[in-house]
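# Need coordinates for the below:
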Amino acid sequence: MNEFELIQKYFKKDPLDPFVVLGNGDDAAVFAPRYDSEAVISVDAVIAGRHVPDLCPPDGFAARLMGRGLSDLAAMGATPRYVLLSLSLPTLEPGWVDHFASRFHQLCVRFGVDLIGGDTTKGPLSAHLTVIGDVPRGKAIDRDGLKAGDDLWLFGPDLGGARAYLGVLNQGEQDQEIWAERYWRPEPQIDSGIALRGVANAMIDISDGLCQDLLHLLDRATKSTAVNLQSRKLPLCEHLVARLGLDKALEYALTGGDDYCLLASIPPDLRVPPNGKLIGMVVKSESDRILLDGNPLPEFWQLGWDHNL
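Below is the predicted model:
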């Protein structure tokens with residue numbers, strides 16, 4: 001099967017969005033902009049052996065790829081519209097591609113996006129997903145704007161499960177099903193992101209670890225600020241404390257990454273959308289950037305994912 005036959009069999013779909021003028025299968029896609037909106041575009045990679053284990057299930061590979069990409073749009077308050085998929089396969093295994101494509105298209109339907117183009121090639125297992133969405137003009141939520149006096153809210157199920165899954169996987173232990181679910185099937189918080197337009201002063205998704213991503217918000221603040229996190233308010237993934245103890249559970253929750261929750265700085269006088277969890281407060285500070293129950297974080301913690309090659 002050549003590249004064009006692969007695309008035709010597994011990835012050629014008629015677009016559902018009426019704004020798509022020319023979809024998948026040509027040299028490029030064509031879509032019409034929506035009135036009074038701004039485009040939001042991001043690209044993300046999932047590379048076997050780097051972002052996921054070398055041996056990975058096809059449905060999990062598809063779900064992590066889609067979840068990571070759409071989470072970037074959620075962090076901007078954007079509505080997802082289209083995706084572009086670039087897929088590299090070491091060999092063509094029809095069974096693996098069948099399951100990958102099936103899960104990928106299911107998620108496209110679930111999140112209301114059209115696959116409008118991309119590329120396939122032979123090489124180490126990896127994929128790049130370009131996501132395209134839109135927001136009403138002037139309503140995108142960026143990382144600027146965090147202010148002392150704001151409350152820090154978390155939107156998403158819980159923290160630490162994805163990191164715990166990798167921990168037991170690397171040690172050859174049996175994992176908890178919920179940890180595997182958190183790792184392989186991240187849930188982009190699209191509805192919460194949209195609901196936070198005009199509410200959040202600043203927002204980011206938790207991909208590299210809550211503390212490390214929180215530092216990006218603190219670095220973009222216009223005045224010297226810090227955040228005091230409350231450990232008892234952090235939603236820890238099921239079985240973390242029982243299996244690992246409270247200290248390790250907190251470390252995984254705050255530094256582990258791959259949670260894909262939204263972290264939003266919100267003024268205390270505004271009405272917060274449902275399902276949010278208040279986990280801390282932004283305060284004035286010239287020294288420590290992140291506090292836990294009023295104390296500096298342990299020095300031995302590595303605060304998140306290292307992107308250095």
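
# in what helix or strand does residue 215 lie?
helix 210-220 (DSSP states H and E).

# Mind giving me the packing neighbours of that helix?
The contact analysis (3 or more C-beta pairs under 8 Å, 6 or more residues apart in numbering; DSSP states H and E) places helix 210-220 against strand 202-205, strand 225-229, helix 246-255, strand 262-266, strand 290-292. For every residue, glycine as well, the C-beta is placed using N, CA and C.

# wait, residue 257 sits on residue 161?
No - using C-beta atoms under 8 Å, residue 257 is not in contact with residue 161, being 11.3 Å away.

# Between the two, which has more neighbouring residues?
With neighbours defined as other C-beta atoms under 10 Å, residue 257 and residue 161 compare such that residue 161 has more, 26 against 23.

# wait, doesn't residue 297 sit right on residue 304?
No - using C-beta under 8 Å, residue 297 makes no contact with residue 304, being 11.7 Å away.

# Find the residues that touch each one of the two.
residue 211 (C-beta atoms under 8 Å, 6 or more residues apart in numbering).

# about what we covered before: pipe the helices and strands packed on helix 210-220 into JSON lines and attach distance to residue 182, mean neighbour count and mean pLDDT per row.
Compiled in JSON lines, the helices and strands packed on helix 210-220 are given as follows (distance: least, C-beta to C-beta, whole Å; neighbours: other C-beta atoms under 10 Å; pLDDT from 0 to 100):
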{"stretch": "strand 202-205", "distance to residue 182": "14", "mean neighbour count": "26", "mean pLDDT": "98"}
{"stretch": "strand 225-229", "distance to residue 182": "20", "mean neighbour count": "21", "mean pLDDT": "95"}
{"stretch": "helix 246-255", "distance to residue 182": "11", "mean neighbour count": "21", "mean pLDDT": "96"}
{"stretch": "strand 262-266", "distance to residue 182": "15", "mean neighbour count": "26", "mean pLDDT": "98"}
{"stretch": "strand 290-292", "distance to residue 182": "22", "mean neighbour count": "19", "mean pLDDT": "94"}
